[in-house]
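In: pasting the sequence and the predicted model now:
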Amino acid sequence: MRNPAFTQNLATTIMMAFLGLYFGVSFIVLGAAAPHAITEMLPEANGPLYFGRYFLYFIIYTFLMRLIFQNFGFKDLNQYILQNIPKSTLLHFILTKSAFNWINVMSALGIIAYLISANYAEGYNMNLLNHGLVLFGLIYASNYKAFLFNKQLSINRLATGIIIIVVILINYLDYKGYIPLGDVLEYFYAFLVTNIGTALLPVIGVIGSYFLTYKTLLQIAYLEDAKPSEESISSVNIGSGLFAKFGKAGKMMEMELKLILRNKRAKNMLYIVPLIGVYPLIIHGQGDQMSSMGWMMFVAIFCTGGYALTYGQLLLSWNSGHFDLLQTKMTSIKEIFQAKYFLQCILIFCQTLPMILWGFYKTEYFYLMPAMMFYNLGVVLFLYMLSASYNSKRVDTNKGAAMNYEGFSMALFLIIIPIMAIPMLFYYGANTYDQPLLGVFLIALIGLVGFVFHDKLINISVALFKKNRYKIGAAFRNK
């Protein structure tokens with residue numbers, strides 16, 4: 001009853017609970033269906049080894065997810081800094097607690113369902129003990145290896161991005177048939193499940209990686225890591241006057257950019273930028289059914305404004321910790337809105353320029369990317385500004401983004417409907433008159449009009465905020 005996550009944002013909490021239930025059931029269903037689906041669709045394949053091949057793909061990508069999203073627990077140690085508890089005990093605590101991370105729990109549910117189903121699937125012969133040891137061992141070995149990589153890569157974030165790009169490139173080369181990565185993974189999995197001795201290797205890897213991680217953290221991890229580092233904050237330097245031509249709003253833009261680079265949750269969102277760059281390849285590589293105009297419009301909206309829109313979902317919430325100061329001592333609410341709008345415009349424009357090159361892959365992107373850029377600039381940004389003016393919640397910018405729904409409300413989920421529906425209505429409406437390009441032109445024109453008259457639209461957002469400022473201010477002050 002005293003937890004604000006439950007009492008103040010009940011609708012979002014209920015939705016997240018349903019999503020958690022949905023994904024948990026999905027993993028169980030997929031695991032249970034896998035043996036029967038493989039034997040039916042690929043009767044000539046060795047079912048357990050075929051499953052093992054794609055399970056190793058799964059391990060690779062969940063490892064990357066851990067590096068980007070997993071909460072490694074150091075911030076949870078704040079409350080223990082002044083306690084008389086040995087450092088070794090605290091490290092064992094966070095390492096043991098990580099075994100119940102949502103990635104591990106979902107994976108474990110799927111594996112249990114898979115092993116039970118495999119035992120009853122006709123023609124699906126496998127040693128349950130060997131395969132179970134290998135599957136669970138790989139999951140938890142990946143979990144503890146992620147601790148080591150996270151601690152090292154936190155020093156050099158560029159290395160994290162390079163690793164992600166390299167893995168995606170290797171997967172693409174494998175998908176195109178240039179390298180036999182899948183065959184190598186299947187051979188490796190077959191070696192592991194050959195007998196009980198090799199099946200124990202991943203289990204030994206779990207134990208070894210656990211104690212190696214423990215010994216490493218014992219030397220390099222400090223409880224002070226749980227606190228925001230003043231030195232790391234002061235090292236971020238945005239040149240003064242970078243946005244001087246925007247006037248007073250320009251100073252706010254500089255502060256906003258510093259906020260992105262200094263705070264964990266906002267900075268973590270930057271990691272979606274490399275993924276956005278290859279998003280068309282991921283979508284259209286699934287087959288012709290993913291190459292319809294509807295899908296390409298969705299891809300174009302996301303590619304031209306992915307980061308700006310993700311950041312814009314919590315437009316005012318990013319400043320919730322110091323919003324009273326901004327209003328009373330530093331600037332007006334309109335200048336705050338102007339700063340956020342102009343900064344997002346710059347991000348959208350910079351993101352669109354390289355995305356137009358996807359036109360050499362799908363010709364439609366030569367006109368879809370610019371059209372959706374204007375749509376983002378003149379329509380989508382204002383939908384988020386109106387949403388922020390109506391209902392904004394406090395967020396802690398130093399928390400990670402993984403499984404963190406602080407600041408979100410039902411409005412942010414519902415606003416996706418008009419964002420996607422408006423372009424579809426114009427395009428398919430014009431398409432009924434055999435003028436599909438007219439629909440794209442109208443979408444771009446509406447966005448361009450919104451961009452030209454942005455000052456009027458900002459005034460509307462400001463007026464709406466002023467009506468709700470006391471409710472929003474109270475939400476920002478409530479920790």
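Out: Received it, and whenever you're ready, just let me know what you need. Numbers count the residues shown, from 1 in each chain.
In: got the domain boundaries for the protein?
Out: The chain breaks down by automatic domain parsing into domains covering 13-227, 232-477.
In: okay if I get these as TSV plus mean neighbour count and mean pLDDT?
Out: In short, each C-beta sits where N, CA and C put it, glycine included. Output for the domains of the chain, formatted as TSV (neighbours: other C-beta atoms under 10 Å; pLDDT from 0 to 100):
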stretch	mean neighbour count	mean pLDDT
domain 13-227	16	81
domain 232-477	18	76
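In: can you give me the helices for the stretch 101-250 of the chain?
Out: Per DSSP state H, counting those that start in this stretch, the stretch 101-250 of the chain carries helices over the ranges 102-120, 128-153, 157-175, 181-192, 196-220, 230-234, 248-262.
In: the stretch 251-400 of the chain now?
Out: Counting by DSSP H, counting those that start in this stretch, the helices of the stretch 251-400 of the chain are 264-268, 272-277, 279-284, 293-312, 323-325, 333-355, 365-375, 381-390.
In: compare those and give me the one nearest Val167.
Out: helix 272-277 (10.8 Å; C-beta to C-beta).
In: got the CA positions of the closest one in PDB?
Out: In PDB, the C-alpha atoms belonging to helix 272-277 read as follows (Å, rounded to 0.1, in the frame of the first residue of the first chain):
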ATOM      1  CA  ILE A 272      19.400   1.800 -29.800                       C
ATOM      2  CA  VAL A 273      21.000   4.000 -32.400                       C
ATOM      3  CA  PRO A 274      23.200   1.300 -33.900                       C
ATOM      4  CA  LEU A 275      20.200  -1.100 -33.900                       C
ATOM      5  CA  ILE A 276      18.100   1.500 -35.700                       C
ATOM      6  CA  GLY A 277      20.800   1.700 -38.400                       C
END
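In: show me what it is packed against.
Out: helix 157-175, helix 293-312, helix 333-355 (3 or more C-beta pairs under 8 Å, 6 or more residues apart in numbering; DSSP states H and E).
In: possible to save those helices as CSV with distance to Phe476?
Out: Formatted as CSV, the helices and strands packed on helix 272-277 follow (distance: least, C-beta to C-beta, whole Å):
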stretch, distance to Phe476
helix 157-175, 29
helix 293-312, 17
helix 333-355, 13
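In: run the angle between the longest helix along the chain and helix 102-120 for me.
Out: Longest helix of the chain, by residue count under DSSP state H: helix 10-41. Going by axes from the mean of the first three to the mean of the last three C-alpha atoms, to 10 degrees, helix 10-41 is angled at 30 degrees with respect to helix 102-120.
In: what helices or strands is helix 10-41 leaning on?
Out: Secondary elements touching helix 10-41 (3+ C-beta pairs under 8 Å, 6+ apart): helix 47-69, helix 102-120, helix 410-414.
In: of all these, which lies closest to Lys471?
Out: helix 410-414 (13.2 Å).
In: next secondary structure after that closest one?
Out: Sequence-wise, the next helix or strand downstream of helix 410-414 (DSSP states H and E) is helix 416-431.
In: what's the angle from that following helix to helix 365-375?
Out: Using the same axes, to 10 degrees, helix 416-431 lies at 130 degrees relative to helix 365-375.
In: against His36, how distant is Ile94?
Out: Using C-beta to C-beta, to the nearest Å, Ile94 is found at 39 Å from His36.
In: so Gly312 is in contact with Tyr384, correct?
Out: Yes - if you go by C-beta atoms under 8 Å, Gly312 and Tyr384 touch, sitting 4.4 Å apart.
In: out of the helices and strands packed on helix 272-277, nearest to Ala113?
Out: Ala113 sits nearest to helix 157-175 of all the helices and strands packed on helix 272-277, at 25.9 Å, using C-beta to C-beta.
In: tell me which residues touch Tyr61, please.
Out: Residues in contact with Tyr61 (C-beta atoms under 8 Å, 6 or more residues apart in numbering) are Val167.
In: do the same with Asn376
Out: Ile301, Thr304, Gly305, Ala308, Leu309, Ile348, Gly447.
In: redo that, cut-off 6 Å
Out: Counting by C-beta atoms under 6 Å, 6 or more residues apart in numbering, Asn376 touches Thr304, Gly305, Ile348.
In: quick check: Val134 touching Ala190?
Out: No - the criterion here is C-beta atoms under 6 Å, and Val134 misses it with Ala190 at 10.3 Å.
In: so how far is Leu381 from Ser332?
Out: For Ser332, the distance to Leu381 equals 19 Å [C-beta to C-beta].
In: repeat that for Ile333.
Out: From Ile333 to Leu381 the distance is 17 Å (C-beta to C-beta).
In: can you check Gly208 too?
Out: 50 Å.
In: ditto for Leu217
Out: Noted for Leu217: a distance of 43 Å to Leu381, by C-beta to C-beta.
In: cool, and Glu44?
Out: Counting by C-beta to C-beta, the separation of Glu44 from Leu381 is 53 Å.
In: and if you look at Phe441?
Out: Distance of Phe441 to Leu381, given as C-beta to C-beta: 20 Å.
In: and what of Leu325?
Out: Following C-beta to C-beta, the distance that separates Leu325 from Leu381 is 25 Å.
In: kindly report the same for Lys362.
Out: Taking C-beta to C-beta as the measure, Lys362 falls 25 Å from Leu381.
In: with Gln313 instead?
Out: For Gln313 relative to Leu381 (C-beta to C-beta), the value is 11 Å.
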